[in-house]
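Novice: A structural model of the following input is requested.
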Amino acid sequence: MVRRTGAATREEIHSAAARLFRERGYSRTSVRDIAAAAEINPALVIRHFGSKELLFLDTMRLTIDDEPLLDVPPAEFGERFVERLLADDDIRGVYLALVRGSDEPQIKERLQAIHERTFVGPLRARLAGPDADLRARLAAAVVGGLLYALWVVGDDQLVAADPAELVVRYGAVLQQLITPA
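Specialist: Okay, here's the model as predicted:
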(Lines give C-alpha, C1' and ligand atoms only; values in the text may rest on other atoms or scores of the structure.)
Protein backbone atom coordinates (compact mmCIF):
# COMPACT_ATOMS: atom_id res chain seq x y z
CA MET A 1 0.00 0.00 0.00
CA VAL A 2 1.24 3.46 -0.95
CA ARG A 3 1.34 6.10 1.77
CA ARG A 4 -0.09 9.48 0.75
CA THR A 5 -1.75 12.57 2.21
CA GLY A 6 -5.43 12.59 3.14
CA ALA A 7 -6.29 14.76 0.13
CA ALA A 8 -4.33 12.55 -2.22
CA THR A 9 -5.96 9.43 -0.78
CA ARG A 10 -9.40 10.96 -1.19
CA GLU A 11 -8.63 11.85 -4.81
CA GLU A 12 -7.32 8.33 -5.54
CA ILE A 13 -10.48 6.83 -4.08
CA HIS A 14 -12.63 9.24 -6.07
CA SER A 15 -10.83 8.46 -9.35
CA ALA A 16 -10.90 4.71 -8.82
CA ALA A 17 -14.57 4.75 -7.83
CA ALA A 18 -15.61 6.90 -10.79
CA ARG A 19 -13.86 4.55 -13.20
CA LEU A 20 -15.22 1.37 -11.62
CA PHE A 21 -18.79 2.66 -11.25
CA ARG A 22 -18.83 3.67 -14.93
CA GLU A 23 -17.40 0.32 -16.03
CA ARG A 24 -19.32 -2.01 -13.71
CA GLY A 25 -22.21 -0.06 -12.25
CA TYR A 26 -23.12 0.43 -8.62
CA SER A 27 -24.05 -3.08 -7.56
CA ARG A 28 -21.08 -4.81 -9.22
CA THR A 29 -18.53 -2.50 -7.62
CA SER A 30 -17.54 -3.21 -4.03
CA VAL A 31 -15.72 -1.05 -1.52
CA ARG A 32 -12.91 -3.63 -1.66
CA ASP A 33 -12.69 -3.23 -5.45
CA ILE A 34 -12.42 0.53 -5.09
CA ALA A 35 -9.80 0.22 -2.36
CA ALA A 36 -7.76 -2.23 -4.43
CA ALA A 37 -7.84 0.08 -7.45
CA ALA A 38 -6.79 3.02 -5.26
CA GLU A 39 -4.17 0.86 -3.51
CA ILE A 40 -5.49 1.64 -0.05
CA ASN A 41 -7.15 -0.10 2.87
CA PRO A 42 -10.95 -0.51 2.38
CA ALA A 43 -11.59 1.22 5.71
CA LEU A 44 -10.21 4.43 4.19
CA VAL A 45 -12.97 4.44 1.58
CA ILE A 46 -15.58 4.55 4.33
CA ARG A 47 -13.56 7.01 6.41
CA HIS A 48 -13.33 9.49 3.52
CA PHE A 49 -16.82 9.07 2.00
CA GLY A 50 -19.04 7.49 4.69
CA SER A 51 -20.53 4.76 2.51
CA LYS A 52 -20.39 3.26 -0.96
CA GLU A 53 -23.67 4.99 -1.82
CA LEU A 54 -22.36 8.42 -0.78
CA LEU A 55 -19.17 7.81 -2.77
CA PHE A 56 -21.26 6.84 -5.78
CA LEU A 57 -23.33 10.02 -5.50
CA ASP A 58 -20.18 12.10 -5.16
CA THR A 59 -18.55 10.59 -8.24
CA MET A 60 -21.50 10.20 -10.60
CA ARG A 61 -22.17 13.66 -11.90
CA LEU A 62 -23.27 14.38 -15.41
CA THR A 63 -21.08 16.90 -17.20
CA ILE A 64 -24.31 18.31 -18.54
CA ASP A 65 -24.86 19.65 -14.99
CA ASP A 66 -22.10 22.16 -15.58
CA GLU A 67 -22.75 23.17 -19.17
CA PRO A 68 -25.04 25.77 -20.66
CA LEU A 69 -26.30 23.15 -23.10
CA LEU A 70 -29.70 24.72 -23.28
CA ASP A 71 -28.22 28.10 -24.29
CA VAL A 72 -29.19 27.69 -27.93
CA PRO A 73 -32.15 29.23 -29.71
CA PRO A 74 -35.21 27.06 -29.03
CA ALA A 75 -35.60 26.43 -32.77
CA GLU A 76 -32.18 24.67 -32.80
CA PHE A 77 -32.52 22.81 -29.53
CA GLY A 78 -33.64 19.38 -30.77
CA GLU A 79 -30.73 18.53 -33.05
CA ARG A 80 -28.17 20.29 -30.90
CA PHE A 81 -29.20 18.40 -27.77
CA VAL A 82 -29.28 14.98 -29.42
CA GLU A 83 -25.92 15.66 -31.07
CA ARG A 84 -24.37 16.53 -27.69
CA LEU A 85 -25.79 13.44 -25.98
CA LEU A 86 -24.51 11.08 -28.64
CA ALA A 87 -21.05 12.65 -28.67
CA ASP A 88 -20.29 12.43 -24.95
CA ASP A 89 -19.11 9.09 -23.55
CA ASP A 90 -19.01 10.60 -20.06
CA ILE A 91 -22.77 11.23 -20.18
CA ARG A 92 -23.26 7.62 -21.27
CA GLY A 93 -21.15 6.21 -18.43
CA VAL A 94 -22.78 8.31 -15.74
CA TYR A 95 -26.28 7.68 -17.10
CA LEU A 96 -25.75 3.93 -17.13
CA ALA A 97 -24.23 3.92 -13.65
CA LEU A 98 -27.12 5.94 -12.27
CA VAL A 99 -29.74 3.76 -13.96
CA ARG A 100 -28.06 0.57 -12.74
CA GLY A 101 -28.01 1.91 -9.21
CA SER A 102 -31.50 3.43 -9.26
CA ASP A 103 -32.92 0.82 -6.87
CA GLU A 104 -31.04 2.65 -4.09
CA PRO A 105 -33.19 5.49 -2.68
CA GLN A 106 -30.49 8.19 -2.70
CA ILE A 107 -29.44 7.29 -6.24
CA LYS A 108 -33.04 7.40 -7.41
CA GLU A 109 -33.33 10.85 -5.81
CA ARG A 110 -30.18 11.94 -7.69
CA LEU A 111 -31.71 10.76 -10.99
CA GLN A 112 -34.89 12.67 -10.23
CA ALA A 113 -32.92 15.79 -9.33
CA ILE A 114 -30.82 15.57 -12.50
CA HIS A 115 -33.99 15.07 -14.56
CA GLU A 116 -35.63 18.13 -13.02
CA ARG A 117 -32.63 20.43 -12.53
CA THR A 118 -30.64 19.81 -15.69
CA PHE A 119 -33.35 19.23 -18.25
CA VAL A 120 -37.00 19.82 -17.35
CA GLY A 121 -36.56 23.02 -15.30
CA PRO A 122 -34.20 24.87 -17.65
CA LEU A 123 -36.15 23.83 -20.74
CA ARG A 124 -39.50 24.77 -19.18
CA ALA A 125 -38.09 28.20 -18.34
CA ARG A 126 -37.28 28.80 -22.02
CA LEU A 127 -40.61 27.65 -23.39
CA ALA A 128 -43.68 29.82 -23.83
CA GLY A 129 -47.28 28.83 -23.37
CA PRO A 130 -49.46 27.30 -20.69
CA ASP A 131 -48.31 23.78 -21.54
CA ALA A 132 -44.57 24.56 -21.24
CA ASP A 133 -44.14 22.21 -18.27
CA LEU A 134 -45.84 19.32 -20.07
CA ARG A 135 -43.79 19.88 -23.23
CA ALA A 136 -40.54 20.00 -21.22
CA ARG A 137 -41.46 16.75 -19.45
CA LEU A 138 -42.43 15.04 -22.71
CA ALA A 139 -39.12 16.17 -24.22
CA ALA A 140 -37.28 14.66 -21.23
CA ALA A 141 -39.20 11.41 -21.70
CA VAL A 142 -38.29 11.29 -25.39
CA VAL A 143 -34.60 11.86 -24.59
CA GLY A 144 -34.79 9.18 -21.89
CA GLY A 145 -36.26 6.77 -24.43
CA LEU A 146 -33.37 7.33 -26.81
CA LEU A 147 -30.79 6.84 -24.09
CA TYR A 148 -32.55 3.70 -22.90
CA ALA A 149 -32.73 2.21 -26.41
CA LEU A 150 -29.09 3.01 -27.17
CA TRP A 151 -27.38 2.44 -23.86
CA VAL A 152 -29.50 0.12 -21.73
CA VAL A 153 -31.14 -2.15 -24.30
CA GLY A 154 -28.39 -1.70 -26.88
CA ASP A 155 -30.78 -1.74 -29.85
CA ASP A 156 -28.43 -3.02 -32.58
CA GLN A 157 -30.18 -1.11 -35.37
CA LEU A 158 -30.01 2.20 -33.52
CA VAL A 159 -26.46 1.63 -32.34
CA ALA A 160 -25.37 0.86 -35.91
CA ALA A 161 -27.30 3.80 -37.41
CA ASP A 162 -25.44 6.81 -38.78
CA PRO A 163 -25.14 9.24 -35.83
CA ALA A 164 -25.82 12.21 -38.11
CA GLU A 165 -29.11 10.60 -39.18
CA LEU A 166 -30.08 9.97 -35.56
CA VAL A 167 -29.33 13.60 -34.73
CA VAL A 168 -31.52 14.86 -37.58
CA ARG A 169 -34.42 12.46 -37.07
CA TYR A 170 -34.49 12.32 -33.28
CA GLY A 171 -33.71 16.02 -33.08
CA ALA A 172 -36.83 16.68 -35.18
CA VAL A 173 -38.97 14.57 -32.83
CA LEU A 174 -37.61 16.44 -29.83
CA GLN A 175 -38.06 19.76 -31.60
CA GLN A 176 -41.76 19.00 -32.29
CA LEU A 177 -42.37 18.58 -28.58
CA ILE A 178 -40.83 21.86 -27.54
CA THR A 179 -42.19 24.02 -30.39
CA PRO A 180 -45.77 25.09 -29.70
CA ALA A 181 -48.38 23.67 -32.06
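Novice: using the record's domain definitions, break this protein down for me.
Specialist: Segmentation of the chain into domains, based on automatic domain parsing, reads 6-59, 63-178.
Novice: next one: the first one to chain centre, how far?
Specialist: In this view, domain 6-59 has its centroid 18 Å away from the chain centroid, taken as CA atoms, centre = their mean, to the nearest Å.
Novice: quick revisit: could you identify which of the domains of the chain is most buried?
Specialist: Mean neighbours per residue, mean count of other CB atoms under 10 Å, is largest over the domains of the chain for domain 6-59, with a mean of 18. Every C-beta, even on glycine, is put in place using the N, C-alpha and C of the backbone.
Novice: and for the helix or strand harbouring E12, what's in contact with it?
Specialist: For E12, the host element (DSSP states H and E) is helix 6-24. With contacts defined as CB atoms under 8 Å, 6 or more residues apart in numbering, helix 6-24 is touched by 4, 29, 33-35, 37-40, 44-45, 48-49, 55-56, 58-60, 93-94, 96-97, 101.
Novice: check the domains of the chain for me: which has the lowest mean pLDDT.
Specialist: Lowest mean pLDDT within these: domain 63-178, at a mean of 84.
Novice: from what I can see P180 touches L134, true?
Specialist: No - if you go by CB atoms under 8 Å, P180 and L134 don't touch, sitting 11.3 Å apart.
Novice: ok, and the closest non-adjacent residue to the residue nearest to the spatial centre of the chain?
Specialist: Taking CA atoms, centre = their mean, the centroid of the chain lies closest to Y95, which sits 3.4 Å from it. Sequence neighbours aside, L147 is the residue nearest to Y95 in space, at 5.8 Å (criterion: CB to CB, 6 or more residues apart in numbering).
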